[in-house]
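Student: Have a look at this prediction, sequence included:
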Number of protein chains: 2
Amino acid sequence: MSNEQVRDQQAGSEQAGHGQGGVYSSKGKEYTRDTRYIETRIVANPTPGADEYPVEPGRYRLVAARACPWANRTLIVRRLLGLEDVLSVGMPGPTHDADSWTFDLDPDGVDPVLGIPRIKDAYLKRFPDYTRGITVPAIVDVPTGEVVTNDFAQITEDLYFEWKQYHREGAPNLWPDDLRDEMEQVMKRIFTEVNNGVYRCGFAGSQEAYDAAYDRLFTALDWLEERLADRRFLMGESITEADVRLFTTLVRFDAVYHGHFKCNRTKLVEMPNLWGYLRDLYQTPGFGDTVDLVQIKQHYYIVHTDLNPLQIVPKGPDLSALTSPHGRDVLGGRQFGDGTPPGPVRAGEEVPNPL
Amino acid sequence: MSNEQVRDQQAGSEQAGHGQGGVYSSKGKEYTRDTRYIETRIVANPTPGADEYPVEPGRYRLVAARACPWANRTLIVRRLLGLEDVLSVGMPGPTHDADSWTFDLDPDGVDPVLGIPRIKDAYLKRFPDYTRGITVPAIVDVPTGEVVTNDFAQITEDLYFEWKQYHREGAPNLWPDDLRDEMEQVMKRIFTEVNNGVYRCGFAGSQEAYDAAYDRLFTALDWLEERLADRRFLMGESITEADVRLFTTLVRFDAVYHGHFKCNRTKLVEMPNLWGYLRDLYQTPGFGDTVDLVQIKQHYYIVHTDLNPLQIVPKGPDLSALTSPHGRDVLGGRQFGDGTPPGPVRAGEEVPNPL
């Protein structure tokens, strides 16, 4: 869960005796996300002396828990761009211990390529005194076993611009030049109001902080509902990075944020444009085929013991309608622009718990 | 909240230091409602030597917190039958302390008729060593200040059959003879599977207990959804006691049980017959005009600290549609049978927080 772990660590002293799980809210305070990441980049042409690693097929491993919305972005972009063969992926399980995400789903609880039981080991390998968030997504340099970066927004941008020579044929243009300015504004609002907005509701430590967060969130969702009335996707009739970023929050909304984070004015099924848009994306190759709603629910409901001390995971909601006809085709038919859909999911990377 | 308080007391030892609020679930166990009540009755013609009090206008006070679904039944029946002038009502606030429901909404925090700050005092007045649930609804004998009964199911039945000479003109027949057998079966299933079923989900102390409770609940809701497809009310085209009993759970469903108790397969707004039926009843005089959704949400989310330790009360859901046209008239138009709707709510008894 990205830099929730920062809060986890900051709140560590309150956490004694909690066992697995942790404290994410601070009584009386609003939730503030720590956005300090390891800003090292992986680029096509490193500048000598800069904090940069070179793009190199087969050299890096992307560590991305399916449960985490920030990690989910990287899984989608990797699929859309066809980077599976040049950038391998390691997947921690949905829950984690006090040391953060672990490879508990892998044989013997160890990532088969990195040979470590938890992603924290790669952080400490590079920074022995690392004290910030142990988060996913993270990219690890396989030869040294050292983490390179966990800067999730930069990661997907670099997968597009820096890894271009390794994109598949037909990879979609996720960052169209002519839309870039507007897209940045849209993505900024989506990040502060929606992606992070749901956490601001869920981890609010006071009624006042929650009430304010709720209003901000639904103001933004109403804006999106309206925006999507006559646009098939956020920027028009083709998918862009902005859609990837909104999708990973929306697909968790009814399943988790609505109840667990009390984002409960309405479910998305009650907002026709957002619900149609979500289904449209879910059914698009590269999106729904990266999403494991079982792991997603397990993560939130089991890890956040300050919100759900009994750690019961709800059976609902019934999300079978995610695969129902969405009728959004009438708004435009060029999902991939001049590109094509990605091929089938790689063997061994199938979602463990499909709908 | 009726005999949740029994659990409250049983779990008292785990509760030390919790301050207000309490522990309602038992780790690893399914929820079992304690159904031992004070079985004294108030009847038209007491049998000498029996544990019975005589019906007498002005003698008793009904104590019924608006938040509590079991108490809500009595408020509805009292309105439908027009018993306001013969049976006064005292209303504890939505939350309570370790001693259970208090009259914190009344001037100086004391019930103006009983002169006590908490309903517990009336229980102890009659039974100094009372150790079971301090619950609402309860009926108190005003002259002695002693509780008479808290047996909620018997209370509404007796308001109908024993207080008959004081019913208003046009009071509906809530217990039609010719439907009685079927009605008892329907009410039994509604009690075990729905009224108590939502608590079985919410207070489940293990994943297994929750999963089983969830399946039972939605099996029953699917049965009701089907039953209400061609019946305007549960027993046909007129309201009966069975509708009163179902209504108080349904009106809390999307607001509380869906999220707080994880009854989240679907909201009622996603079940057309139940949602239409709920709106129909809500808009019927005697039903919606007893319901305070603000107090209801405050109760559950603030009192059950084992489920919601931060005690944040959700702003949602948007329930304004409760007053929207329900279209159920086509199924029959005799809501009150040969009777008539009750008149306006008594001055001073209006819902503090209407929709």
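Tutor: Structure's in. What do you need?
Student: Now do A:Phe247: how many residues are near it, please.
Tutor: 27 (other C-beta atoms under 10 Å in any protein chain shown). Any C-beta I mention is one placed from the backbone N, CA and C, and that applies to glycine too.
Student: Can you list the residue ranges for helices in the stretch 151-300 of chain A?
Tutor: Taking DSSP state H, counting those that start in this stretch as the test, the helices found in the stretch 151-300 of chain A are A:152-161, A:180-189, A:197-202, A:207-227, A:241-250, A:258-260, A:272-282, A:293-303.
Student: before we move on, what about the stretch 1-150 of chain A?
Tutor: For the stretch 1-150 of chain A, the helices defined by DSSP H, counting those that start in this stretch occupy A:4-10, A:69-81, A:120-126.
Student: Which strands or helices does the longest one pack on?
Tutor: Looking back up the chat, that one is helix A:69-81. Judged by 3 or more C-beta pairs under 8 Å, 6 or more residues apart in numbering or on different chains; DSSP states H and E, the packing partners of helix A:69-81 are strand A:60-63, helix A:152-161, helix A:241-250.
Student: Of the helices of the stretch 151-300 of chain A, which is nearest B:Asp181?
Tutor: Across the helices of the stretch 151-300 of chain A, B:Asp181 has its closest neighbour in helix A:258-260 (39.2 Å, C-beta to C-beta).
Student: which residues touch the closest one?
Tutor: Defining contact as C-beta atoms under 8 Å, 6 or more residues apart in numbering or on different chains, one finds that helix A:258-260 is touched by A:202, A:264, A:267-268, A:300-301, A:304, A:307-308, A:314, A:317, B:258-259, B:262, B:264.
Student: Which among those residues count as buried?
Tutor: A:202, A:264, A:267-268, A:300-301, A:304, A:307-308, A:314, A:317, B:258-259, B:262, B:264 (16 or more other C-beta atoms under 10 Å in any protein chain shown).
Student: near chain B, which residues of the stretch 251-355 of chain A?
Tutor: A:258-259, A:262-267, A:269-270, A:306-318 (C-beta under 8 Å from any C-beta of the partner chain).
Student: same thing but at 6 Å, please
Tutor: By the rule C-beta under 6 Å from any C-beta of the partner chain, the part of the stretch 251-355 of chain A lying against chain B is A:259, A:262, A:264-265, A:310, A:312, A:314-318.
Student: farthest pair in these?
Tutor: Across those (C-beta to C-beta), the longest gap, 25.3 Å, separates A:Arg265 and A:Leu310.
Student: Retrieve the pLDDT associated with the nearest residue to A:Ala229 once chain neighbours are set aside.
Tutor: Excluding its sequence neighbours, the residue lying closest to A:Ala229 (C-beta to C-beta, 6 or more residues apart in numbering or on different chains) is A:Asn273, at 5.3 Å. We have a pLDDT of 98 for A:Asn273.
Student: Neighbours of A:Asn273, how many?
Tutor: A:Asn273, neighbours per other C-beta under 10 Å, totals 18.
Student: Over to A:Asp318?
Tutor: Neighbour count of A:Asp318, defined by other C-beta under 10 Å: 14.
Student: Tell me how many other residues surround the closest residue to it other than its chain neighbours.
Tutor: Nearest residue to A:Asp318 in three dimensions, chain neighbours excluded: B:Arg265, at 5.2 Å (C-beta to C-beta, 6+ apart). Number of residues near B:Arg265 (other C-beta under 10 Å) recorded here: 19.
Student: measure B:Arg265 to A:Gly348 for me?
Tutor: Applying C-beta to C-beta, to the nearest Å, the value for B:Arg265 to A:Gly348 is 32 Å.
Student: if I look at A:His326, how far off is A:Leu274?
Tutor: 11 Å.
Student: Show me which of those two is the more surrounded one.
Tutor: Between A:His326 and A:Leu274, counted using other C-beta under 10 Å, A:Leu274 has the larger neighbour count: 22 against 18.
Student: Contact partners for that one?
Tutor: For A:Leu274, the contact set (C-beta atoms under 6 Å, 6 or more residues apart in numbering or on different chains) comprises A:225, A:268.
Student: got TSV for the helices of the stretch 1-150 of chain A, with mean neighbour count and mean pLDDT too?
Tutor: Output for the helices of the stretch 1-150 of chain A, formatted as TSV (neighbours: other C-beta atoms under 10 Å in any protein chain shown; pLDDT from 0 to 100):
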stretch	mean neighbour count	mean pLDDT
helix A:4-10	21	35
helix A:69-81	26	98
helix A:120-126	20	98
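Student: Out of the ones you listed, the one nearest B:Glu241 is which?
Tutor: helix A:69-81 (47.9 Å).
Student: So for stretch A:323-337, mean pLDDT?
Tutor: Stretch A:323-337 shows an average pLDDT of 96 in the prediction.
Student: Please enumerate residues in contact with it?
Tutor: Residues from elsewhere that reach stretch A:323-337, judged by C-beta under 6 Å, 6+ apart: A:172-173, A:232, A:237-239, A:276, A:279-280.
Student: How far off centre is stretch A:62-75?
Tutor: With C-alpha atoms, centre = their mean, to the nearest Å as the basis, stretch A:62-75 stands 5 Å off its chain's centre.
Student: Report the backbone C-alpha coordinates of it in CSV.
Tutor: Extracted as CSV, the C-alpha positions of stretch A:62-75 are listed here (Å, rounded to 0.1, in the frame of the first residue of the first chain):
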residue,chain,number,x,y,z
LEU,A,62,9.1,-4.7,-10.4
VAL,A,63,7.6,-5.6,-7.0
ALA,A,64,3.9,-4.9,-7.1
ALA,A,65,1.3,-6.3,-4.7
ARG,A,66,-2.0,-6.8,-6.5
ALA,A,67,-3.8,-5.4,-3.5
CYS,A,68,-2.2,-2.0,-3.7
PRO,A,69,-3.8,0.6,-6.0
TRP,A,70,-0.5,2.4,-6.5
ALA,A,71,1.2,-0.8,-7.5
ASN,A,72,-1.8,-1.8,-9.6
ARG,A,73,-1.0,1.1,-11.9
THR,A,74,2.4,-0.3,-12.8
LEU,A,75,0.9,-3.7,-13.5
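Student: re earlier: out of the contacts of helix A:258-260, which is nearest to A:Leu62?
Tutor: Looking across those and measuring by C-beta to C-beta, the closest to A:Leu62 is A:Tyr300, at 22.1 Å.
Student: Could you measure from the closest one over to chain B?
Tutor: Distance, A:Tyr300 to chain B, using C-beta to the nearest C-beta, to the nearest Å: 12 Å.
Student: what's the burial count for the closest residue to that residue other than its chain neighbours?
Tutor: Using C-beta to C-beta, 6+ apart and skipping the chain neighbours, the partner closest in space to A:Tyr300 is A:Val256 (4.7 Å). As a burial measure, A:Val256 scores 26 neighbours (other C-beta under 10 Å).
Student: Closest one to A:Asp338 out of the contacts of helix A:258-260, please.
Tutor: Ranked by distance to A:Asp338 (C-beta to C-beta), these are led by A:Leu268 at 30.3 Å.
Student: Tell me which of the helices and strands packed on helix A:69-81 sits most buried.
Tutor: Most buried of the helices and strands packed on helix A:69-81 by mean neighbour count (mean count of other C-beta atoms under 10 Å in any protein chain shown) is helix A:241-250; its value is a mean of 25.
Student: And the contacts of that one?
Tutor: By C-beta under 6 Å, 6+ apart, helix A:241-250 touches A:69, A:72-73, A:76, A:174-175, A:183, A:186-187, A:190, A:194-195, A:233-235, A:278, A:281, A:287.
Student: how far out from the middle of the chain is it?
Tutor: With C-alpha atoms, centre = their mean, you get 9 Å for helix A:241-250.
Student: Ok, stretch A:208-228 next?
Tutor: In terms of C-alpha atoms, centre = their mean, the centre of stretch A:208-228 is set 20 Å apart from its chain centre.
Student: tell me which residues in that stretch are buried?
Tutor: Within stretch A:208-228, the residues scored as buried using 16+ other C-beta under 10 Å are A:209-211, A:213-214, A:216-218, A:220-221, A:224-225, A:228.
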